[in-house]
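> The amino acid sequence is not available; the structure is as follows:
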Ligand SMILES: Nc1ncnc2c1ncn2[C@@H]1O[C@H](COP(=O)(O)OP(=O)(O)OP(=O)(O)O)[C@@H](O)[C@H]1O
């Protein structure tokens with residue numbers, strides 16, 4: 001089925017993307033040790049090496065507590081690794097930057113700003129003139145299917161709508177990389193499916209690099225060029241699986257495609273075989 005497992009030792013320097021010649025994110029022998037409240041050290045990540053090619057859609061899949069979010073926070077510059085380096089376009093990541101846009105499960109919208117105000121916020125901060133920022137925000141809101149909701153406030157929106165606003169707000173900064181931490185995890189199945197479809201439509205248009213954390217094998221296979229499977233804590237990379245399915249992807253077509261089903265079954269099996277789908281003890 002074209003699934004070529006790559007062992008962790010082989011990963012450093014192997015770009016995960018179609019435009020493989022241009023690495024955008026390089027994670028080199030990164031480990032993360034946290035001090036816990038009991039003052040014991042907890043190794044969240046152990047010796048992670050990963051190179052992500054520009055324009056790739058890469059999902060990170062793994063059991064609860066294996067360090068997926070921590071890895072994303074390191075790339076986002078919110079956490080500094082205990083050892084190893086993370087680079088964006090060849091430069092060490094030393095803090096957050098507008099080149100990397102986070103879209104997390106907690107929507108973190110400004111409750112006192114309207115939908116339009118939330119999306120305009122970033123461009124205004126970057127010095128864009130209000131009329132231009134409003135026009136950009138309207139375009140992005142149209143892209144995420146929220147035309148007509150510009151004057152609404154976050155409390156008036158459903159979870160799925162808030163997540164759309166959060167995505168538009170992040171896109172408004174013009175990031176080169178989207179860091180998505182279980183963005184659809186709290187949504188009902190129907191809304192989640194719609195947002196997955198819409199995200200792929202948006203991604204097809206400008207092919208930003210996406211790092212996407214999820215617990216869902218199906219979601220990872222549907223969206224991604226590559227699925228990075230992590231082992232249970234302390235997080236290591238177990239496998240990287242190429243998802244060799246045609247794009248643009250349509251869910252109704254994929255559901256009839258035996259290769260799609262096979263990827264899902266094989267990846268689920270990998271988890272089952274290792275016991276990694278169980279909660280950490
Ligand atoms: N700031 C912190 N201080 C101490 N421990 C932390 C900190 N952040 C994360 N951890 C621990 O590191 C481990 C990895 O956490 P992380 O949130 O990255 O995992 P995850 O794979 O994203 O989990 P989940 O799928 O449940 O969201 C967990 O055991 C967590 O308790």
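In hand now; what should we look at? All values reported here derive from a predicted model rather than from experimental measurement.
> Would you mind listing what in the stretch 101-250 of the chain touches the ligand?
residue 233 (C-beta under 6 Å from any ligand atom). Just so you know, the C-beta spots here come from the backbone N, C-alpha and C atoms, and that holds for glycine as well.
> Could I get the full set of strands for the stretch 101-250 of the chain?
Ranges of strands within the stretch 101-250 of the chain are 177-181, 209-214, 226-230, 237-242, based on DSSP state E, counting those that start in this stretch.
> TSV please, covering those and showing mean neighbour count and mean pLDDT.
TSV is the format used below for the strands of the stretch 101-250 of the chain (neighbours: other C-beta atoms under 10 Å; pLDDT from 0 to 100):
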stretch	mean neighbour count	mean pLDDT
strand 177-181	23	94
strand 209-214	25	96
strand 226-230	24	95
strand 237-242	21	94
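> Redo the ones you listed as CSV? Include distance to residue 58.
Listed next are the strands of the stretch 101-250 of the chain as CSV, based on distance: least, C-beta to C-beta, whole Å:
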stretch, distance to residue 58
strand 177-181, 10
strand 209-214, 6
strand 226-230, 5
strand 237-242, 9
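> Among those, which comes closest to residue 160?
Closest to residue 160 of the strands of the stretch 101-250 of the chain is strand 177-181 (C-beta to C-beta; 14.7 Å).
> What angle do strand 209-214 and the closest one make with each other?
0 degrees (axes from the mean of the first three to the mean of the last three C-alpha atoms, to 10 degrees).
> Hmm, residue 233 and residue 65 touching each other?
Yes. Counting by C-beta atoms under 8 Å, residue 233 is a contact partner of residue 65 at 5.1 Å.
> between the two, which one's more packed in?
Ranked by neighbour count (other C-beta atoms under 10 Å), residue 65 and residue 233 place residue 233 first, with 20 against 16.
> Surely residue 247 touches residue 204?
Yes. Counting by C-beta under 8 Å, residue 247 touches residue 204, with 6.9 Å between them.
> what's near enough to touch residue 115?
Counting by C-beta atoms under 8 Å, 6 or more residues apart in numbering, residue 115 makes contact with 141, 146, 149-154, 157, 165.
> ok, 6 Å please
Contacts for residue 115 (C-beta atoms under 6 Å, 6 or more residues apart in numbering) come out as 149-150, 152, 165.
> what do you get for residue 70?
Contacts of residue 70 (C-beta under 6 Å, 6+ apart): 32, 44-45.
> And residue 86, by the same measure?
So residue 86 contacts 27, 74-75, 93 (C-beta under 6 Å, 6+ apart).
> how about it, phi and psi?
Per-residue torsions, residue 86: phi -120, psi 130 (degrees, to the nearest 10).
> can you pull the pLDDT of the residue lying closest to it once chain neighbours are set aside?
Sequence neighbours aside, residue 93 is the residue nearest to residue 86 in space, at 4.6 Å (criterion: C-beta to C-beta, 6 or more residues apart in numbering). In this model, residue 93 is scored at 97, pLDDT.
> I'd say residue 93 and residue 76 touch.
No. Counting by C-beta atoms under 6 Å, residue 93 does not reach residue 76; the two are 8.0 Å apart.
> okay, now the closest residue to residue 119 other than its chain neighbours: neighbour count?
Counting by C-beta to C-beta, 6+ apart, residue 119 lies nearest to residue 137, which is 3.8 Å off, once chain neighbours are set aside. When neighbours are counted by other C-beta under 10 Å, residue 137 registers 28.
> how close does residue 137 get to residue 111?
17 Å (C-beta to C-beta, to the nearest Å).
> returning to what we had before: overlap of the contact sets of residue 247 and residue 204?
Here residue 247 and residue 204 have no joint contacts, going by C-beta under 6 Å, 6+ apart.
> residues in contact with the residue nearest to the spatial centre of the chain?
Centroid check for the chain by C-alpha atoms, centre = their mean gives residue 212 as the closest residue, at 2.0 Å. Counting by C-beta under 6 Å, 6+ apart, residue 212 touches 59, 180.
> can you do 8 Å?
Contact partners of residue 212, counting by C-beta under 8 Å, 6+ apart, are 57-60, 178, 180, 183, 220, 223-224.
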